[in-house]
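A.B. asks: One predicted model, sequence on top.
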Amino acid sequence: MKNLFLIAYLDVKESLRSKWFYVYSVVFGGLMALFFITGVSDSVVMGFTGLSRMLLIFIQVTIIILPIFILITTVKSISGDRESNVLEYMLSFPVSLNDYYWGKMLGRFLTVFMPVFLALILGVIFGLFKGGEMPWRMVFLYSTLLFSLSFVFLGLAFFLSTIVKSTDIALGSSFVVWIAMLAFIDIALMGLMLQNRMSDGLIVTLAMLNPIEVFRIGAISLFDPELTVIGPVAYYLLDTLGSTFLMIYAIIYPIIIGAFLAYFGYIAFRKKDLL
């Protein structure tokens, strides 16, 4: 465990020296600052105001930015070390493959999750400063959803990073996966519904297998428990799962998928030619 935490510490230090980390932090911190400056929290749209209004916009931005940022910055983690011979250098020390892989993942998780979480905390502090009512349950559940979304895309990035040797291929693969997931939020599913070749239940099931869609539905349910903004599909989801189980599913499902992907990545990393 000592070596695992040491690898995690080294990965955090490496990330702190990288420009992408500061761009990543500025993007989310800057978004919150932009919300404050533009007075988003003071506006009222569709009944949402204050911190709820600001978090609602933050969710929409997070759905687009967070997955691609995690993928393009993490997918180079192991494949980049392999190309730059850092992996060969690290393995010359008494560090096991287990410690190296999971230590890298722990360190990278801290660097991709903390800026987003701190931006959320910044919004909470601003909300308290403005004297508004603080929806603590919403903040806690939203933080948990962010954790789940970060974890599943971190697992996916490490899986891609271990099965390809080139960072260029890894970046291209991650971009294709991100586009495919975004397409299946609305566009691709609408196409399937228009063609009417598949049952509605199957289309909804496909949608709920997409971690981005699961995060979106879970986050929307925090503000709109009856999910009226997603239309008739809300009746199917709430009748089938119920609001409580829907939230549990939105939190647990991405974590399970992320854990499986990370483990399969570890298996591939352990069995492949490392150098």
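C.D. replies: Sure, I can see it.
A.B. asks: Contacts made by stretch 218-237 with the rest, please.
C.D. replies: Applying C-beta atoms under 8 Å, 6 or more residues apart in numbering, the contact partners of stretch 218-237 are 48, 52, 55-56, 59, 63, 138, 141-142, 145, 200-201, 204, 208, 217, 238, 243, 246-247, 249-251. From N, CA and C alone the C-beta is placed, and that goes for glycine too.
A.B. asks: Quick check: buried residues in the helix ranked longest in the chain?
C.D. replies: The single longest helix within the chain, with elements called by DSSP state H, is helix 97-129. Under the neighbour-count criterion of 16 or more other C-beta atoms under 10 Å, helix 97-129 has 99-109, 111-113, 115-116, 119-120, 122-124, 126-127 buried.
A.B. asks: just checking, next helix/strand downstream of it?
C.D. replies: Following helix 97-129 in sequence order, the next helix or strand is helix 136-163 (DSSP states H and E).
A.B. asks: Next, the angle helix 97-129 makes with that next one.
C.D. replies: 150 degrees (axes from the mean of the first three to the mean of the last three C-alpha atoms, to 10 degrees).
A.B. asks: what helices or strands is helix 136-163 leaning on?
C.D. replies: helix 50-74, helix 76-83, helix 97-129, helix 167-183, helix 211-223, helix 243-271 (3 or more C-beta pairs under 8 Å, 6 or more residues apart in numbering; DSSP states H and E).
A.B. asks: Flag every buried residue along the shortest one.
C.D. replies: Spelled out, it's helix 76-83. Buried-residue list, helix 76-83, by 16+ other C-beta under 10 Å: 76, 77, 78, 79, 80, 81, 82.
A.B. asks: ok, and what's touching stretch 255-270?
C.D. replies: With C-beta under 8 Å, 6+ apart as the test, stretch 255-270 has contacts from 78, 97-98, 101-102, 105, 147-148, 151-156, 158-163, 211.
A.B. asks: Helix 76-83 and the helix or strand hosting residue 4, what's the angle between them?
C.D. replies: Per DSSP H and E, residue 4 falls inside helix 2-16. On the basis of the same axes, to 10 degrees, helix 2-16 is oriented at 100 degrees to helix 76-83.
A.B. asks: Off-centre distance for helix 2-16?
C.D. replies: Offset of helix 2-16 from its chain centre (C-alpha atoms, centre = their mean, to the nearest Å): 21 Å.
A.B. asks: pLDDT averaged over it - what is it?
C.D. replies: Averaged across helix 2-16, the pLDDT comes to 84.
A.B. asks: just use 50 as the starting number from now, easier for me
C.D. replies: Happy to do that; since the first residue is 50 now, the last one works out to helix 51-65.
A.B. asks: for the helix or strand just after that helix, packing partners?
C.D. replies: As assigned by DSSP H and E, the chain's next helix or strand after helix 51-65 is helix 68-87. Using 3+ C-beta pairs under 8 Å, 6+ apart, the elements in contact with helix 68-87 are helix 99-123, helix 146-178.
A.B. asks: and the angle from the longest one to helix 99-123?
C.D. replies: What it means is helix 146-178. Angle, helix 146-178 to helix 99-123, by the same axes, to 10 degrees: 160 degrees.
A.B. asks: Could you name the helices and strands sitting against helix 146-178?
C.D. replies: Using 3+ C-beta pairs under 8 Å, 6+ apart, helix 146-178 sits against helix 51-65, helix 68-87, helix 99-123, helix 125-132, helix 135-140, helix 185-212, helix 292-320.
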